[in-house]
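> Sequence and computational prediction follow.
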Amino acid sequence: MSPWAGTRVSADRTHHTREGAPLYPVRFIEVLSFHAPGLAAAKDGTGAFHIDVLGRAVYARRFTRTFGFYEELATVVDGSGAFHIRPDGSELSPERYAWCGNFQDDRCTVRTKDGRYFHVARTGHPAYAERYAYAGDFRDGLAVAQDASGLHLHIHKDGRPLNGRRFLDLDVFHKGYARARDERGWYHVDTAGEPLYARRFAMVEPFYNGQARVECEDGSLLVIDEEGASVHELRPPRRGELQSLSGDMVGFWKTQALRAAAELRIIEALPATTAQLAELRALAPDRCERLLRAMNELGLVTRKGDTWRTTSRGALLHREHPLQMVDAALHWGRDCYRLWEALPEALRAEGTWEPPRFFDELSEDPRRVASYHRAMASYARQDYASLAEHLRALTQGIVVDAGGGTGTLLFELLTRRPGLRGVLLERPEVTRQVELPPELAGRVTLLPADIFTPWEVRAHAVILSRILHDWDEARAALILEQARQALRPGGRLHVIEFLLDEEEPGGGLLDLHMLVSTGGRERTGKQFRVLFERVGLRYLESQRLAGGNWLFTLEPH
């Protein structure tokens, strides 16, 4: 039996015990549990270090923090950063990190000081060249990593992906299956990344002897088998189908409450009492209180005593927030709301309905143009911050961002790629609103143009970000033709679009919105391939981006 077998950390965490009796007379500020080779992390007035079962320090060095030994290596922290030591206190490697995990399965997760994660081997060297937004511990030779787009994948110990699948969230494998989440919810996958069943849940636990506990969206708790079939009910639904459907029917309540909060600039007046806010915004006090109650229900504000304060979610409705959603709230609640009334007529096989001339009508009001593009810029800042990491070969030459709004995507890309020059091709009323960053002076050309007619530019790369979904097949093909003609020999076209899954329902409502707002549509991978081939574009690769979008890279045949 090992000397530390049966030891426990005392209730006050100042020493170790065995069968309730202290192991040694000394007391520390804090101790952690013993691990092989029989050492425990401890801290006293001189610093942090490791002790043996007699309470003796096993080396002279002191650190800011020490943690337990795993696979006979321990993480320690001092003024230079985090790193690993051996039982004698010697360093595994001279490298320093912002954070280190524990060794497991001959690998350990570390985070660099610039925020990137990867695994190191027991030699202290990186186990592979890739760097991730996050990486977890290995179990049975596999770990979960998060790529730059925010999606998760399984990797081998040498960094190779287990399969080609990416997920919104993911867990390590347990008895052959892993918990995974997509846009619809949680489920289980096999080692090929394939779902075990079609259902999705609000929560799933790992399988235990062929069964798993899950929670449904209606609040019910079930036990399911490996085919997703319910075998036992643990708790009935907390919300029935009628209540659920009724909730969907009144979803516009939220849209219009958010619009009112944005239009009345409620968040910008907080903190305040109801009376103060009503006076400042010229609102009826009782009705002001009712709006604040609704905003509280939506998680936008909270009240302490008589004072209303903004939550982190509500702060997005402040015009000074870097990701402000004020203009988005106005766009959805004002510019788009009434368009949906035409949906039944738009779906009829025979009728007089014609798609709205959304962008032409928008152009008639400069204030609406500015508001719309501020809204789109907020989404772009969120979705395309890591785009450069997906366009690694695009480092030199001229890139055209066609239909690029006020330039959020293009400016971010040029900032990260000093060798690029950019052309922002947009409608004249939009280019008049563009403010060029001073640091990009001389590297950006504004090109007021009609995206459907030949472009007066020749480029090494063209980007079409969420442009094709605004248009039907004929108009989308015309845009692609202009982009193809604008490419120099060897140039490539990069198309960013949401991708409908032929087997899953996600994106159905968005697709209907495109129909009623512009006559456009979302498309499946097969529909995109047909569209690309129609104008002589060869598919090269696709990558998943944040926000459910995909990046397609193409070249002319």
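Structure received.
> Poorly predicted segments of the chain, please.
1, 546-547 (pLDDT under 70).
> Grab the most central residue of it for me.
Residue closest to the mean C-alpha point of the chain, counted by C-alpha atoms, centre = their mean, is residue 150 at 4.4 Å.
> That residue and residue 133 touch, don't they?
Yes - taking contacts as C-beta atoms under 8 Å, residue 150 lies within contact range of residue 133: 6.8 Å. To be clear about C-beta, it is placed using only N, CA and C from the backbone, and glycine gets the same treatment.
> Spell out the residue ranges of the helices in the stretch 251-400 of the chain.
For the stretch 251-400 of the chain, the helices defined by DSSP state H, counting those that start in this stretch occupy 252-263, 274-281, 285-297, 326-330, 343-347, 358-363, 366-383, 387-390.
> Now the longest strand along the chain: buried residues?
Using DSSP state E, we find that the single longest strand of the chain is strand 487-500. By neighbour count with 16 or more other C-beta atoms under 10 Å, strand 487-500 contains the buried residues 487, 491-500.
> mind exporting it as CSV, just the C-alpha atoms?
C-alpha atoms of strand 487-500 as CSV (Å, rounded to 0.1, in the frame of the first residue of the first chain):
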residue,chain,number,x,y,z
LEU,A,487,-11.0,38.0,-61.4
ARG,A,488,-7.5,38.1,-62.7
PRO,A,489,-5.9,34.8,-64.0
GLY,A,490,-5.4,32.6,-61.0
GLY,A,491,-7.9,34.6,-58.9
ARG,A,492,-10.4,33.1,-56.6
LEU,A,493,-13.9,33.9,-55.5
HIS,A,494,-14.9,33.5,-51.8
VAL,A,495,-18.6,33.2,-51.1
ILE,A,496,-20.0,33.4,-47.6
GLU,A,497,-23.6,32.1,-47.1
PHE,A,498,-25.8,30.2,-44.7
LEU,A,499,-26.2,26.6,-45.8
LEU,A,500,-29.5,24.8,-45.5
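> Next secondary structure element downstream of it?
helix 508-518 (DSSP states H and E).
> Export that next one to CSV, keeping only CA atoms.
Taking C-alpha atoms only, helix 508-518 is exported to CSV below (Å, rounded to 0.1, in the frame of the first residue of the first chain):
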residue,chain,number,x,y,z
GLY,A,508,-36.5,27.5,-42.7
LEU,A,509,-37.8,30.7,-41.2
LEU,A,510,-34.8,32.7,-42.5
ASP,A,511,-35.5,31.3,-46.0
LEU,A,512,-39.1,32.6,-45.8
HIS,A,513,-37.8,36.0,-44.6
MET,A,514,-35.6,36.3,-47.7
LEU,A,515,-38.6,35.4,-49.9
VAL,A,516,-40.9,38.1,-48.5
SER,A,517,-38.2,40.8,-48.1
THR,A,518,-36.3,40.6,-51.4
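> other SSEs contacting whichever helix or strand comes after that helix?
From helix 508-518 onward toward the C-terminus, using DSSP H and E, the following helix or strand is strand 523-524. Under the contact criterion of 3 or more C-beta pairs under 8 Å, 6 or more residues apart in numbering; DSSP states H and E, strand 523-524 touches strand 487-500.
> what helices or strands is the strand it packs on leaning on?
On a contact count with 3+ C-beta pairs under 8 Å, 6+ apart, strand 487-500 meets strand 459-465, helix 473-486, helix 508-518, strand 523-524, helix 525-534, strand 549-556.
> Got the domain ranges for this structure?
260-343, 384-556 (automatic domain parsing).
> hmm, who's touching stretch 502-509?
Identification of contacts with stretch 502-509 by C-beta atoms under 8 Å, 6 or more residues apart in numbering yields 182-184, 498-501, 522, 524-526, 548.
> Check which residues of stretch 167-187 are buried.
Neighbour counts over stretch 167-187 (16+ other C-beta under 10 Å) mark 167, 170-174, 177-182, 184-187 as buried.
> Can you tell me which of the residues you listed is nearest residue 229?
Proximity of these to residue 229, judged by C-beta to C-beta, is greatest for residue 187, which lies at 13.2 Å.
> name the element the closest one belongs to?
strand 185-189.
> C-terminal to that strand, what's the next element?
Using DSSP H and E, the first helix or strand after strand 185-189 is strand 203-204.
> Would you pull up how far the helix or strand following that following strand lies from the middle of the chain?
Note on strand 203-204: by DSSP H and E, the next helix or strand toward the C-terminus is strand 211-215. Centroid separation for strand 211-215 versus its chain: 26 Å, with C-alpha atoms, centre = their mean, to the nearest Å.
> and the very next helix or strand once past strand 211-215, which residues are buried?
Where DSSP H and E defines the elements, the next helix or strand beyond strand 211-215 is strand 221-225. Residues of strand 221-225 classed as buried: 221-222, 224 (neighbour count, 16+ other C-beta under 10 Å).
> Repeat that for stretch 127-146.
Going by neighbour count (16+ other C-beta under 10 Å), the buried part of stretch 127-146 is 127-128, 130-133, 135-138, 142-146.
> quick one: contacts of that stretch?
Applying C-beta under 8 Å, 6+ apart, the contact partners of stretch 127-146 are 101-102, 104-107, 109, 112, 115-121, 147-148, 150, 152-160, 162, 170-173.
> For that stretch, output the C-alpha coordinates as PDB.
What follows is stretch 127-146, C-alpha atoms only, in PDB (Å, rounded to 0.1, in the frame of the first residue of the first chain):
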ATOM      1  CA  ALA A 127       2.400  17.700 -29.800                       C
ATOM      2  CA  TYR A 128       1.300  19.300 -33.200                       C
ATOM      3  CA  ALA A 129       1.500  22.600 -35.100                       C
ATOM      4  CA  GLU A 130      -2.200  23.600 -35.000                       C
ATOM      5  CA  ARG A 131      -3.400  26.300 -32.500                       C
ATOM      6  CA  TYR A 132      -7.000  26.400 -31.300                       C
ATOM      7  CA  ALA A 133      -9.500  28.800 -29.600                       C
ATOM      8  CA  TYR A 134      -9.800  26.100 -26.900                       C
ATOM      9  CA  ALA A 135      -8.600  22.500 -26.300                       C
ATOM     10  CA  GLY A 136      -9.600  20.000 -23.600                       C
ATOM     11  CA  ASP A 137      -8.100  17.000 -22.000                       C
ATOM     12  CA  PHE A 138      -7.400  13.800 -23.800                       C
ATOM     13  CA  ARG A 139      -9.300  10.600 -22.900                       C
ATOM     14  CA  ASP A 140      -8.500   7.300 -24.700                       C
ATOM     15  CA  GLY A 141      -6.500   9.100 -27.300                       C
ATOM     16  CA  LEU A 142      -9.000  11.800 -28.300                       C
ATOM     17  CA  ALA A 143      -9.700  15.400 -27.200                       C
ATOM     18  CA  VAL A 144     -12.100  18.100 -28.000                       C
ATOM     19  CA  ALA A 145     -10.800  21.300 -29.600                       C
ATOM     20  CA  GLN A 146     -12.600  24.500 -30.700                       C
END
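> re the thing from before, so which elements touch the strand holding residue 187?
Against strand 185-189 (3+ C-beta pairs under 8 Å, 6+ apart) you get strand 177-182, strand 203-204.
> got JSON lines for those strands, with distance to residue 195 too?
Listed next are the helices and strands packed on strand 185-189 as JSON lines, based on distance: least, C-beta to C-beta, whole Å:
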{"stretch": "strand 177-182", "distance to residue 195": "8"}
{"stretch": "strand 203-204", "distance to residue 195": "11"}
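> out of those strands, which comes closest to residue 437?
Distance to residue 437, taken as C-beta to C-beta, is lowest for strand 177-182 among the helices and strands packed on strand 185-189, at 36.5 Å.
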